[in-house]
Structures are given as C-alpha cells and as structure tokens.
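Colleague: please work out how this folds:
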Amino acid sequence: MSESINPSRTALLTIDLQNDFLHPEGAYGRAGQTADSITALPARIRPIADALRTRGGTYISAQFTLVPGPGGEPLIAPHLKKLRPFLTRGDFAPGAFGHTLVDELAPADYVVEKVAYSAFYQTRLEYILRALDIDTLIIGGIVTNGGVASTVRDAHLRNIHTILLSDGCAAFEQDVHDATLVSLGSVTDVMTCAEAVEVLA
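Modeller: Numbering: from 1, shown residues only. Predicted coordinates for the structure are as follows:
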C-alpha cells in the first residue's frame, strides 16, 4: 500500500465537516441531529492532514452549500427539504459560520463548495486535482452512505485512486456505515486513520 502513495500527488479530501453539521450551535446541533461517531471525526483526521502536509501533500475540504435564493431563502432540493425540514435561512450559506470548516481542521488548502452528495458534481474539485497533478485521494467525512460514498464512486469513475478512512467517516447509524464500507470495498482501498498516518510517516 505505502509504495503506491506519492505524498506530493496525494490530497486528503474531507466531506462536509462543517459547523452546521458538527457544532452544537450549527443547524444540525440546534435540531438535535448529531452522533458521537460524527463529532469524533475531526480529532481522528487532523493527524493525517498534518502528516500529509509535512510530506508535501494537500488538504481539500468539500463543504455542503445551500445557495441563498430570492429573499435569502435557501435553494433546497425537495428530497432534502423533506428529509431535513429544520433547515432554514442562513444554514450552510457561503461565508456563514455554519458553512465553515470546523476549527479542529481549519484551514484547508482548498475549499470546494458542493450542492449535492458528490464532491465532484458541478464543482471545481476535478480542476484542482488536475492542476496540482493529484492522482490519489484519502477520503473521510460524513456521511459514509451519502457524500462520502458518492465521492468515492465518482473518483473511481475518473480513475483516481482512493483510500477510504474506515474510522475517518461516519453515518448516523453504525450498521449503515458498516454496510457502506463493505459495498465500497470493490472500488476503493480502505484503512484506518492510524494506518494512514503510519503510511505517511
């Protein structure tokens, strides 16, 4: 595994580790929508960011975004509005506290605003990767069965090598997380955060 990683051509990519998801005063925290497995992620992932940067790698944060529409009301997809009816004006708005990467991981080298599950869909991520000659992504974040899975599969379609952090991503339900790791095993390498740090050491 370690022989296949060139740090200068590798990026850590975190998915949706933002205040509106993780901070008690964020949109999900205010609604009581949280899980210990999710709030534990930044502390686990930070050593990977540090180790990778020390060896010339890059850290990219993909951040879910609700674009403000007319009158400031967010443009929310119907399925999301039904799933998360508590989302309202100002949540996940670009530049707002809730949209920002959590303090434990900030700042990222690059921030990518995303409007759907995948960090590739209608974003500048692929442009950044090609411009920096990055061919490997170490991926963590939330949720395993949503944004993480979609991003891993989209990277696979683009022939980008991925390493999924098994304990560096999480879902609101452990069985869903575990099942997703199994299903993604055919398209990505999987390792723990500690193993990733060791590979980069």
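Colleague: okay, now the unreliable bits of this structure?
Modeller: For the chain, the stretches with pLDDT under 70 are 1-4.
Colleague: please, where are all the helices along the protein?
Modeller: Using DSSP state H, the helices assigned to the chain run over residues 19-22, 27-30, 36-39, 41-54, 78-83, 125-131, 149-157, 174-184, 193-200.
Colleague: show me what the first one is packed against.
Modeller: Right, helix 19-22. helix 27-30, helix 36-39 (3 or more Cβ pairs under 8 Å, 6 or more residues apart in numbering; DSSP states H and E). Using the backbone N, CA and C atoms, a C-beta is placed for each residue, glycine as well.
Colleague: what comes up buried for that helix?
Modeller: For helix 19-22, a neighbour-count test (16 or more other Cβ atoms under 10 Å) marks Asn19, Asp20, Phe21, Leu22 as buried.
Colleague: got the buried residues for stretch 178-191?
Modeller: Thr180, Leu181, Leu184, Thr188, Met191.
Colleague: now do stretch 165-179
Modeller: In terms of neighbour count (16+ other Cβ under 10 Å), stretch 165-179 has its buried residues at Leu165, Ser166, Asp167, Gly168, Cys169, Ala170, Ala171, Phe172, His177.
Colleague: can you check stretch 119-132 too?
Modeller: Under the neighbour-count criterion of 16+ other Cβ under 10 Å, stretch 119-132 has Ala119, Phe120, Thr123, Leu125, Ile128, Leu129, Leu132 buried.
Colleague: got it, and stretch 102-122?
Modeller: Buried residues in stretch 102-122 (16+ other Cβ under 10 Å): 102, 105, 108, 110-114, 116-120.
Colleague: dump the helices of the chain into CSV; add distance to Gly98 as well.
Modeller: Formatted as CSV, those follow (distance: least, Cβ to Cβ, whole Å):
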stretch, distance to Gly98
helix 19-22, 3
helix 27-30, 6
helix 36-39, 15
helix 41-54, 15
helix 78-83, 15
helix 125-131, 21
helix 149-157, 21
helix 174-184, 24
helix 193-200, 25
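Colleague: which pair of the buried residues of stretch 178-191 spans the longest distance?
Modeller: Thr180 and Met191 (15.6 Å; Cβ to Cβ).
Colleague: ok, back up a step: and the buried residues of stretch 165-179, which is closest to Lys82?
Modeller: For the buried residues of stretch 165-179, the minimum distance to Lys82 (Cβ to Cβ) is 16.3 Å, reached by Phe172.
Colleague: what is the nearest of the buried residues of helix 19-22 to Arg158?
Modeller: Among these, Phe21 lies closest to Arg158 (Cβ to Cβ), at 25.8 Å.
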